[in-house]
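**Q** the sequence and its predicted three-dimensional model are supplied below.
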Number of protein chains: 2
Amino acid sequence: MEKVTIATVARRAGVSRQTVSNVINTPDVVREETRERVREAITALGYRVNQAARQMRTGRSRLIAVRIEPARDGINGSVLDRFLHGLTDAAGLAGYRVMLYTAADDNDEIATYDDLLSAYDLDAFVLTSTHHGDPRTSWLAERSVPFVTFGRPWGAPDMHSWVDVDNAAGTAAATEHLLAAGHQRIGFLGWPAGSGVGDARREGWHRVLGPWGPSAASTDGVQGGAEAARALLATDEPPTALVCASDSLALGALQAARELGRECAVVGFDDTAVAQAIGLTSVSQPLAEAAARCMDLLAELLDGRAPSVPATVLLPPSLVLRQTA
Amino acid sequence: MEKVTIATVARRAGVSRQTVSNVINTPDVVREETRERVREAITALGYRVNQAARQMRTGRSRLIAVRIEPARDGINGSVLDRFLHGLTDAAGLAGYRVMLYTAADDNDEIATYDDLLSAYDLDAFVLTSTHHGDPRTSWLAERSVPFVTFGRPWGAPDMHSWVDVDNAAGTAAATEHLLAAGHQRIGFLGWPAGSGVGDARREGWHRVLGPWGPSAASTDGVQGGAEAARALLATDEPPTALVCASDSLALGALQAARELGRECAVVGFDDTAVAQAIGLTSVSQPLAEAAARCMDLLAELLDGRAPSVPATVLLPPSLVLRQTA
DNA sequence: TCCTAGGTCTTGAACGATCAAATTCTGATA
DNA sequence: TATCAGAATTTGATCGTTCAAGACCTAGGA
């Protein structure tokens, strides 16, 4: 079982190296009959293109990089995990591979770009966790490195392609579900104003209920959620249902309600493992699809058939009904 | 900002290409003074080795592949996630990069090996979720592809290097903790016999308690855990504490205890997001360290300084105390 | 019959690094 | 001073692929 190169195939098929290369990359310039003969030789020999050699000549690696972040509060970590899985699948289908890297912060990440680009000739990046004033996108854009973000460019015009989930639509659907179930006072438990995602989730709830509705804010976490929920539930006319910006907050709310002996419907966000485990109704992001769409956009960029205007994709989340609402 | 190659550096330092290459790969054969001059040129120009070119000549890619699995029951998914993060970090420090792939089953995975090896010249694989009669290890071993498993070769002799966590020690520690807290009747809630990991976790509990102790088994999941726990708690002399093979089972046990109005201490396994969220005491695997050790072993294999006997590393888990025990 | 255009295929060079072998330099010894 | 071993450096070839350009063949038109 020797090394099979393009020359081995060429010899067996009785053609030149270049013809074999053409069969692989631009089949339509090769005559039908020759093409078949070469294809036969390729499968018979089990030939596979050597990516390193191809890359050296073309300057393209068919490699895409994604940052893997530590599961921050743990509870929401699996979101990225599922996205990664979807991306790896989609990339594989499109003939690309996913390479991982870690970074402590934005600047560290930018330093890594430099390294990955010059050492590995990376074709593109997929960025997650975009935020206001993100320095990463401008760095990449300035050097015209192809990239797509999962998460819209908060607070900036659309200078690049992105895929995002319609957070507001998710909380809106949750709120409507609660209304339909007969709830009159539906509260919102969210994060402090200023984060794009958090604000959008509050917006969806607000959009459905109109001007009124009790709401509270806390940084993410079970503890914070419980405290904020206690405050809301201790008022004169406490809400009978709570829409929450995350499963962590929702879990805190459930604990608070139980302590106080109050009936309170709760809906979380992200459909994490925790929600599945404890039967929490939650808004689920279509992560596999989001990943696939990211790959689609990247493939467009890389094939040079990119639209002049950045493409943007907004996916609707879905409500997963369980016991808590 | 043109492309900087080894020739650019050579010209600037006034030496030949090969000398630059030597400074990078075998610095000790270059005279001190020359070495410094070349190093200066390298940093001044911001030169970075082109991996594709190096790979074509050496046949080594400095790339390591890991399979990313879908978060199976969701609740335990983050274990792999954290391992991956640790591996990416450790690989980066050792000058390697991690590439991802997905596979539907063992055979699919083997087909992917073939592809990755011939197309990308992958240097090594890290396998997770090893099990009895795993066909992957023998496939790789036959072709003498370097690899390390996270998880020991269940039911087979040590034919390759592996890193694993001492599952039995984990449940033993949990059991001892419960004994010290004054519990007399400590039960075990595990998986059906036959899985290496599950059996080891039961073993640890059994080792501490001796012959006696109520135990039950169920396939993993909250539902199953609740049912099995109900059965245990409904006996004449119910256990006052339960050691569980997973956080899912533990969560089920907690729910069963609450339903029945019983006090019952519970310890889970894996310290997942769920455990953190609901305050479940759980056995925590040192995943970052496990990943680092995997990388160490791989580096040894790849540098050719591999020991004749496969290296095996068994890491002790730790008990994370929270409210439930 | 000759020429040309288009389709098909082949040839040599190049990508950027490392290997192997050849060459030059250095300093010590006779 | 001439010689030589060993250290330091250079040269040419090579890895497997694709690019650019050229060669060959066939059919159609003048």
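**A** Here it is on my side, so go on.
**Q** low-scoring stretches of chain A, by residue?
**A** Within chain A, the ranges that satisfy pLDDT under 70 run A:1, A:71-77, A:306.
**Q** near DNA strand D, which residues of it show up?
**A** With C-beta under 7 Å from any atom of the strand as the criterion, chain A comes near DNA strand D at residues A:3, A:5-7, A:17-18, A:21, A:24-25, A:47, A:49-50, A:53-54, A:56-58. C-beta: built from backbone N, CA, C; applies to glycine.
**Q** ok, the spatially closest residue to A:Asp271 that is not a sequence neighbour to A:Arg322 distance?
**A** Here the nearest residue to A:Asp271 in space, its sequence neighbours aside, is A:Ser284; by C-beta to C-beta, 6 or more residues apart in numbering or on different chains that works out to 3.6 Å. The span separating A:Ser284 from A:Arg322 equals 11 Å under the rule C-beta to C-beta, to the nearest Å.
**Q** swap in A:Tyr113?
**A** A:Tyr113 is 41 Å from A:Arg322, by C-beta to C-beta.
**Q** between the two, which is the more surrounded one?
**A** Ranked by neighbour count (other C-beta atoms under 10 Å in any protein chain shown), A:Tyr113 and A:Arg322 place A:Tyr113 first, with 21 against 16.
**Q** same for chain B: which of the residues of chain A next to DNA strand D are within range?
**A** Among the residues of chain A next to DNA strand D, the residues within reach of chain B (C-beta under 8 Å from any C-beta of the partner chain) are A:49-50, A:53, A:56.
**Q** how about A:Gln55, what does it touch?
**A** A:61-62, A:121, B:52 (C-beta atoms under 8 Å, 6 or more residues apart in numbering or on different chains).
**Q** quick check, it in a strand?
**A** No. Counting by DSSP: H, G, I helix; E, B strand; the rest coil, A:Gln55 is not found in a strand; it is helix.
**Q** tell me how many other residues surround the closest residue to it other than its chain neighbours.
**A** Computed as C-beta to C-beta, 6+ apart, the closest residue to A:Gln55 that is not its neighbour in sequence is B:Ala52, at 4.2 Å. Neighbours of B:Ala52 under the rule other C-beta under 10 Å: 23.
**Q** distance of B:Ala52 from A:Leu315?
**A** For B:Ala52, the distance to A:Leu315 (C-beta to C-beta) stands at 36 Å.
**Q** what of A:Asp28?
**A** For A:Asp28, the distance to A:Leu315 - C-beta to C-beta - is 35 Å.
**Q** tell me which residues of the helix or strand containing A:Val66 are tucked away?
**A** Using DSSP states H and E, A:Val66 sits in strand A:63-67. The neighbour-count check on strand A:63-67 (16 or more other C-beta atoms under 10 Å in any protein chain shown) flags A:63-67 as buried.
**Q** tabulate those in a markdown table, adding columns for distance to B:Phe188.
**A** Listed next are those as a markdown table, based on distance: C-beta to C-beta, whole Å:
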| residue | distance to B:Phe188 |
| --- | --- |
| A:Leu63 | 46 |
| A:Ile64 | 45 |
| A:Ala65 | 44 |
| A:Val66 | 40 |
| A:Arg67 | 40 |
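**Q** turn those residues into a markdown table, columns for distance to DNA strand C.
**A** Listed next are the buried residues of strand A:63-67 as a markdown table, based on distance: C-beta to the nearest atom of the strand, whole Å:
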| residue | distance to DNA strand C |
| --- | --- |
| A:Leu63 | 16 |
| A:Ile64 | 21 |
| A:Ala65 | 19 |
| A:Val66 | 25 |
| A:Arg67 | 25 |
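**Q** point out the residues in chain A that sit beside DNA strand C.
**A** A:14-19, A:22, A:29-31, A:33-35, A:53, A:56-57.
**Q** any chance of a PyMOL selection covering the buried ones in those?
**A** Burial among the residues of chain A next to DNA strand C is assessed by 16+ other C-beta under 10 Å; the matching PyMOL selection reads:
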select buried, chain A and resi 15+19+22+30+34+35+53+56
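**Q** of the residues of chain A next to DNA strand C, which is the nearest to B:Ser246?
**A** Using C-beta to C-beta, A:Ala53 comes nearest to B:Ser246 of the residues of chain A next to DNA strand C, at 46.7 Å.
**Q** how many neighbouring residues does the spatially closest residue to A:Val165 that is not a sequence neighbour have?
**A** Once flanking residues are discounted, A:Val165 sits nearest to A:Gln285: 4.6 Å by C-beta to C-beta, 6+ apart. Using other C-beta under 10 Å, A:Gln285 has 24 other residues around it.
**Q** and A:Gly196, by the same measure?
**A** 17.
**Q** pretty sure it contacts A:His132?
**A** Yes. Between A:Gly196 and A:His132 there is a contact at 6.5 Å, judged by C-beta atoms under 8 Å.
**Q** quick check: neighbours shared by these two?
**A** In contact with both A:Gly196 and A:His132: A:154-155, using C-beta under 8 Å, 6+ apart.
**Q** got a list of what A:Thr8 touches?
**A** Counting by C-beta under 8 Å, 6+ apart, A:Thr8 touches A:2, A:45, A:47.
**Q** tell me which of those is nearest to DNA strand D?
**A** A:Tyr47 (6.8 Å; C-beta to the nearest atom of the strand).
**Q** separation between the closest one and B:Arg143?
**A** For A:Tyr47, the distance to B:Arg143 (C-beta to C-beta) stands at 17 Å.
**Q** of those two, which one has the most company?
**A** Using other C-beta under 10 Å, the more surrounded residue of A:Tyr47 and B:Arg143 is A:Tyr47, with 19 against 11.
**Q** residues near A:Ala172, how many?
**A** A:Ala172 has 21 nearby residues by other C-beta under 10 Å.
**Q** A helix includes it, no?
**A** Yes. Assigned with three-state DSSP, A:Ala172 falls within a helix.
**Q** ok, it - contacts?
**A** A:204-205, A:207-208.
**Q** give me the buried subset of those.
**A** For the contacts of A:Ala172, buried by 16+ other C-beta under 10 Å: A:204-205, A:208.
**Q** turn these into JSON lines, including distance to B:Ala94 and secondary structure.
**A** Listed next are these as JSON lines, based on distance: C-beta to C-beta, whole Å; DSSP: H, G, I helix; E, B strand; the rest coil:
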{"residue": "A:Gly204", "distance to B:Ala94": "46", "secondary structure": "helix"}
{"residue": "A:Trp205", "distance to B:Ala94": "48", "secondary structure": "helix"}
{"residue": "A:Val208", "distance to B:Ala94": "52", "secondary structure": "helix"}
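**Q** from these, pick the one nearest B:Val243.
**A** Using C-beta to C-beta, those come closest to B:Val243 at A:Trp205, 42.0 Å.
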